[in-house]
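> coordinates for the following, if possible.
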Amino acid sequence: MKSASEQKLPHVLPKDLQQAIAGKPKAQVLWDIITPLARNEWICWVTSGKLQETRGIRIEKMLSKLAGGMRRPCCWAGCKHR
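The predicted structure is shown next:
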């Protein structure tokens, strides 16, 4: 599988988000099978929050949604960086 940089996607998985995903096996399973574009959308959604508190809330929501089978963030316009 190509990395974000190899696919010319604008976002690279931050260390804190990588660790959070690794700590939730159900979320990790889906993370491993979703497309690089879908991963990019999640990364952008989490990192686009301006406050650290918002980022923490979004990480928890992302983990919950991934564990529940959601492949992309909903109710969000999508990554504006691509």
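> so how many other residues sit close to Thr47?
Residues within reach of Thr47, counting by other Cβ atoms under 10 Å, total 16. Quick note: C-beta positions are derived from backbone N, CA and C, even for glycine.
> wait, isn't it in contact with Asp16?
No - between Thr47 and Asp16 there is no contact under Cβ atoms under 8 Å: 10.0 Å.
> which residue ranges of the chain form helices?
In the chain, the helices defined using DSSP state H lie at 15-22, 25-33, 36-47, 52-67.
> show me what contacts the residue nearest to Glu41 when sequence neighbours are not counted?
For Glu41, ignoring the flanking residues on the chain, the nearest one in space by Cβ to Cβ, 6 or more residues apart in numbering is Arg72 at 5.0 Å. Arg72 makes contacts with 34, 38, 41-42, as judged by Cβ atoms under 8 Å, 6 or more residues apart in numbering.
> which other residues reach the helix-or-strand element of the chain with minimal mean pLDDT?
Lowest mean confidence among the helices and strands of the chain (mean pLDDT, DSSP states H and E): helix 36-47, at a mean of 94. Applying Cβ under 8 Å, 6+ apart, the contact partners of helix 36-47 are 1-2, 4, 7, 9-14, 17, 31, 55, 58-59, 62, 66, 71-73, 76, 78-82.
> need the per-residue pLDDT for Arg82.
Arg82 is assigned a predicted lDDT (pLDDT) of 70.
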